[in-house]
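Student: please work out how this folds:
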Amino acid sequence: MSKQIPFTDQELTMLEIYDSLMSILEPDLVSDMIPELEYIYKDETKEERQKRLDGYVESFEMFFDAFQDMVKGWEGHFIDMKKTIVKEYAAEVGLKEEDLLTKIEQDIDDSTQSS
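Tutor: I've put the predicted structure just below:
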């Protein structure tokens with residue numbers, strides 16, 4: 001398995017995000033624990049195993065909900081960052097924000113049509 005390398009020391013890898021969320025939701029499913037589960041639960045009954053697996057399904061559903069909430073937060077952050085960058089650049093080059101966005105969109109259209 002290849003390890004995802006973050007761009008900066010402050011950025012988290014997907015594995016770190018997964019482990020961070022899962023350690024709260026279901027510690028058994030933290031990546032370091034998964035290889036140990038067979039040994040840990042070797043003596044459980046079929047009923048106990050099914051109950052544990054049902055719990056894991058619930059934990060994964062909660063994980064995906066929490067991750068989706070995180071992504072929504074990131075999207076909002078990126079939209080705010082984009083607006084700030086456009087506003088600052090527009091002020092620097094002496095254009096209105098709307099005119100700058102129109103110019104950028106036109107440049108993108110022109111570049112995709114010439115490809």
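Student: which helix or strand contains the spatially most central residue of the chain?
Tutor: Residue closest to the mean C-alpha point of the chain, counted by C-alpha atoms, centre = their mean, is V71 at 5.1 Å. For V71, the enclosing helix or strand under DSSP states H and E is helix 46-93.
Student: quick one: contacts of the following helix or strand past that helix?
Tutor: Downstream of helix 46-93, the next assigned helix or strand under DSSP H and E is helix 97-113. Outside helix 97-113, the residues that touch it by C-beta atoms under 8 Å, 6 or more residues apart in numbering are V86, K87, Y89, A90, V93, L95. All C-beta atoms are positioned from the backbone trio N, CA, C, and that covers glycine.
Student: just the buried residues of those.
Tutor: Neighbour-count burial (16 or more other C-beta atoms under 10 Å) is assigned, among those, to V86, A90.
Student: out of the contacts of helix 97-113, the closest to Y41 would be?
Tutor: Of all the contacts of helix 97-113, Y41 sits closest to V86, with 53.9 Å by C-beta to C-beta.
Student: distance of D65 from L21?
Tutor: As judged by C-beta to C-beta, to the nearest Å, D65 and L21 stand 10 Å apart.
Student: who has more neighbours out of the two?
Tutor: A direct count of neighbours by other C-beta atoms under 10 Å for D65 and L21 places L21 higher, at 20 against 12.
Student: which element is the more buried one on?
Tutor: Under the assignment here (DSSP H and E), L21 is part of helix 14-25.
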